[in-house]
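Asks: quick one, what's the 3D model for this:
(one chain, ligands or ions: 1)
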Amino acid sequence: MPSEKSQYIPPPPIPTYDEATAGNPGSSRPNWPPPSSPIDTRPDHETEAQSLLSRPRQTDSSRRAPQGYRPPYVESDDEGSQWTLDDDESDGEDAQVRREMQELEVEDPLNDTSSRSSSSSWRKRIASSLPQWKWRWRLPRFTVRLPRQSDVANNADTESGETRTRFRLPSINSAAVILLIGRLLAIFLVLGFLYLLFVSDLFTNMTRRIGGHMFDPEAVRQYVQGEVNSDMLRNRLKHFTGYPHIAGTEGDYALAMDVRNDFMKFGLEDVTVDDYYVYLNYPKADGRAVEIMSADGKEAKWKALLEEEEVGERTAGRQTLVFHGHSKAGDVKGPLIYANYGSREDFKRLSDKGINTKGAIALVRYYGTQGDRALKVKAAELAGFAGCLIYSDPADDGFLKGEPAPLGRYMPLDGVQRGAVSLMSWVVGDVLTPGWGSKKGQPRMTTEQTPGLVKIPSLPLAWRDAQVLLRHIQGFGERCPDDWRGGVPEIEWWTGNSSSPVVRLKNEQDEVERQEIWNVYGKIVGVEQNEKSIIIGNHRDAWTSGATDPNSGTAIMLEVARIFGDLLARGWRPLRTIEFMSWDAEEYNLIGSTEFVEQNLETLQKNAFAYINLDTAISGQEFHAAASPVFRKVIYKVIDRVFDPILNATLRTLWDERNGELEGLGAGSDYVAFQDIAGTSSIDIRFGGAAHPYHSSYDNFAWMDRIGDQGFIYHNLLSQVLGLLILELSDKPILPFDMGNYALALGRYLGNLWQWAEDKGVNKHFNLEPIKNAVQEVEKAVSEFEKWETEWQQSVVSSNGWEPVGLGQRRGDYNTRMANFETGLLDLELGGGIPNRTQFKHVVFGPQLWSGYDEAYFPAIRDAIDAEDWPLVQKIIDKTARIITGAAKALIE
Ligand SMILES: CC(=O)N[C@@H](CC(=O)O)C(=O)N[C@@H](CCC(=O)O)C(=O)O
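Replies: As a prediction, the model looks like this:
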């Protein structure tokens, strides 16, 4: 195994352990300088990034190959000036929007003419329709008859001469008495009125709600939608794809600083960089090889090309090497055996055919009956293989599907899918700290102890290399059955066997046990239940430049953060806190988000109302949402008002036309820790439905610009969806969760579980009745619970929008109960969670043991059924029923 301190010579610009973490005693910061941000034109000595990295610039050229990291093109930090950089921007309309933006930036409502004009433009958008909201501010009318001013004045005049000369007790005449009584009455009336106002709680509630401003929610929605700017989205994507940024590298750090600076520029509050120390691996340029050996096994007859062709353009010379994240290091040789998609069934088929796989090298294709790449490697390991190669087959994602990149959406002959092979459905997050945050000084497992890592080396391949390997096993083993034949051209499909040509798989790498990674957060504090939050997250790290995965999501999150920052500057605040989070190291087993959740578990279980995830946000034209059932109503409401100008219909119409459904959450992105560990209701939104060159260098800015989303229309639409969704969740007096749909969905999930067991012919071994009863309890509790909402509405409407503090507090409690329903579905008993995978606590949602990506309902029950441990199955069923019933009761008790 290579030492932690072994040198890594770029390209790509990945620091070794030394470079990244060591050289600066007393500091955990890397000792390499960050590349200057293309959107930051300040001199280095003025930048925050520079001050954080207080070490002098590295000048020792021996540490950096000449073809190593080069900073990206310089672009201005000033959003306005970004507009002028692109040659292909349309001018007129953009300039108009830009002027409006500038007006909004400089507005001072108390000042000069320019501020008046900007305030009027603001008013046009927001304030002109104030207030159409049901919390209408209306004081009761009353009149107090006071003595006429002339009478009082006359009296005062008469007395003034005498008081000037000497002090005398006022003489009591009838006019003075009347005046005195009148004044006293007036004072009592005013005091009485103020008292009434006070006891009615009007001030408390309304001032807390609006902070002295009134914003028509409809106008705010229109503003959020109207402000989304496709050119800004495009420029941000261009910036975030300017150089590779694998987790923990200098490119990743530079972009973390850019996100932080953007959050600060937008006016977000409590902007924070949160670091964790986690296990990562990096490829070595000459550390990897796939070779066909000569008959005596002594020399290589053929070497795989491995790397993708240089895609060129902006990242020329800096393309990332192909490798598997979290792979096992090793140098192994064995006969080559082809095993279709690498599922356990595929390996069983080989053994049924009498093919000895011990010590062999498996060649399998991506996707298919075993979608999770890590589980392919694990299945190969369990079948006795010494190493595993995974290639992209043209029948699955190449030319047989459609035009390959860069002109089309599919993998070209040299395209390689990178990706992690950590077992994300077994251990999620840092594989050495499952269950707790990997902060400095925290205890850690060893790489040998963790169940999250595979034990045989693996590498990804393009079909160009796989073709040569497949040719060499023709005539060995068995002819492949039809469903094993891929689309690699000019191949006769054979399995190979222990007599196949020997292949060498070498995978030496830099392994860093405590690599620093950086999450970045910024928030807008709410005015009512400010401890409760709506969290929006997207990962920033990418295997390559990552135009689709994940930076389409990054561009969108930042655009929406900019717009909400602008609202904040206008005095708007939501009822609940909005938090924006840029995750690191998602590509390595969802680390950044999981460590954050583990580090802040209790707070999140109590206070996180909802989590919205963006990842591969834009790859097609179909809107998709995968979510907890609570989001059904709200997502329909949102997509009803977003119009697709290309397909000429609202997203809702298009959704209905294709019989769209709210999908179940799988386990492939940063919602996992929120949904399955913290019990925070989560949603993942995206435009998909079409392929993209996944985890390959072809997933770059040029591809997105020409093929993925011409004109950045879908980036714009998803920004609108996200902005509206945030408004609904953070600023509706009643949290718009569809609790009724949760009850219905539970019934469906149960039916699905029953069917699955029936298909296996095992449902006679257990009784699902307890869960069925529990689901009925949920149905009853929800209908009882929701009655209060109707009462609240009637009360507020009948009192013209007045809401006494007591009622407001009950509304807060109502919202909290609703949000905590999902937390109530966690198995928080000591040692609770899915047996043997106790990081996952949710009894309804969680990854399947042997299928990381697919949604799974009641995962613990399924695991036990798969293990055919019937007493355990029944025990888990009973426990699940108890937990669901408890969650139902907590709604209404
Ligand atoms: C299912 C899938 O394609 N997931 C994407 C992210 C997304 O678009 O939702 C993905 O690439 N996820 C990573 C997760 C890495 C890991 O957990 O090890 C992946 O490589 O699958």
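Asks: so which elements touch the strand or helix carrying G806?
Replies: Per DSSP states H and E, G806 falls inside helix 805-823. Packed against helix 805-823, as judged by 3 or more CB pairs under 8 Å, 6 or more residues apart in numbering; DSSP states H and E, are the following elements: helix 202-210, strand 529-539, helix 601-607, strand 608-614, helix 739-760, helix 769-798, helix 870-892. (Each C-beta comes from the backbone N, C-alpha and C, glycine too.)
Asks: can you give me the buried ones in the helix or strand following that helix?
Replies: Downstream of helix 805-823, the next assigned helix or strand under DSSP H and E is helix 859-866. For helix 859-866, burial by neighbour count (16 or more other CB atoms under 10 Å) applies to P859, A860, I861, R862, D863, A864, I865.
Asks: which one of the helices and strands packed on helix 805-823 is the most hemmed in?
Replies: strand 608-614 (a mean of 27; mean count of other CB atoms under 10 Å).
Asks: count residues in the vicinity of the residue in the stretch 751-893 of the chain that the ligand sits nearest to, would you?
Replies: Across the stretch 751-893 of the chain, the shortest distance to the ligand (CB to the nearest ligand atom) belongs to Y853, at 4.3 Å. Close neighbours of Y853, defined as other CB atoms under 10 Å, add up to 17.
Asks: so what pLDDT did it get?
Replies: pLDDT for Y853: 77.
Asks: start at 380 instead
Replies: Let's use 380 as the start, then, which means that last one is Y1232.
Asks: tell me who's in contact with it.
Replies: Applying CB atoms under 8 Å, 6 or more residues apart in numbering to Y1232 gives the contacts G750, D751, G1045, A1046, G1047.
Asks: same list, the helices and strands packed on helix 1184-1202, but as TSV with mean pLDDT please.
Replies: Output for these, formatted as TSV (pLDDT from 0 to 100):
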stretch	mean pLDDT
helix 581-589	47
strand 908-918	98
helix 980-986	98
strand 987-993	98
helix 1118-1139	96
helix 1148-1177	96
helix 1249-1271	98
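Asks: could I get the ones you listed as TSV with distance to the ligand?
Replies: TSV is the format used below for the helices and strands packed on helix 1184-1202 (distance: least, CB to the nearest ligand atom, whole Å):
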stretch	distance to the ligand
helix 581-589	37
strand 908-918	8
helix 980-986	20
strand 987-993	8
helix 1118-1139	20
helix 1148-1177	28
helix 1249-1271	25
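Asks: for the protein, what lies in contact range of the ligand?
Replies: Neighbours of the ligand within the chain, by CB under 6 Å from any ligand atom: 798-799, 801, 803, 928, 966, 968-969, 994-995, 1047-1048, 1232.
Asks: ok, and the most crowded of those?
Replies: With neighbours taken as other CB under 10 Å, the top of the residues of the chain next to the ligand is S801, carrying 29 neighbours.
Asks: which residues touch it?
Replies: So S801 contacts G704, H705, A753, V810, G831, L832, V833, Y967, N968 (CB under 8 Å, 6+ apart).
Asks: how about 7 Å then?
Replies: G704, H705, A753, V810, G831, L832, Y967, N968 (CB atoms under 7 Å, 6 or more residues apart in numbering).
Asks: ok so, going back, from the residues of the chain next to the ligand, which single one is nearest G781?
Replies: T995 (18.0 Å; CB to CB).
Asks: rewinding a little: how close does the residue of the stretch 1130-1272 of the chain closest to the ligand get to E1201?
Replies: Here the distance between Y1232 and E1201 works out to 22 Å (CB to CB, to the nearest Å).
Asks: save the helices and strands packed on helix 1184-1202 as a markdown table, and put in distance to R667 too.
Replies: Shown next, in a markdown table, are the helices and strands packed on helix 1184-1202 (distance: least, CB to CB, whole Å):
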| stretch | distance to R667 |
| --- | --- |
| helix 581-589 | 60 |
| strand 908-918 | 25 |
| helix 980-986 | 38 |
| strand 987-993 | 32 |
| helix 1118-1139 | 40 |
| helix 1148-1177 | 49 |
| helix 1249-1271 | 43 |
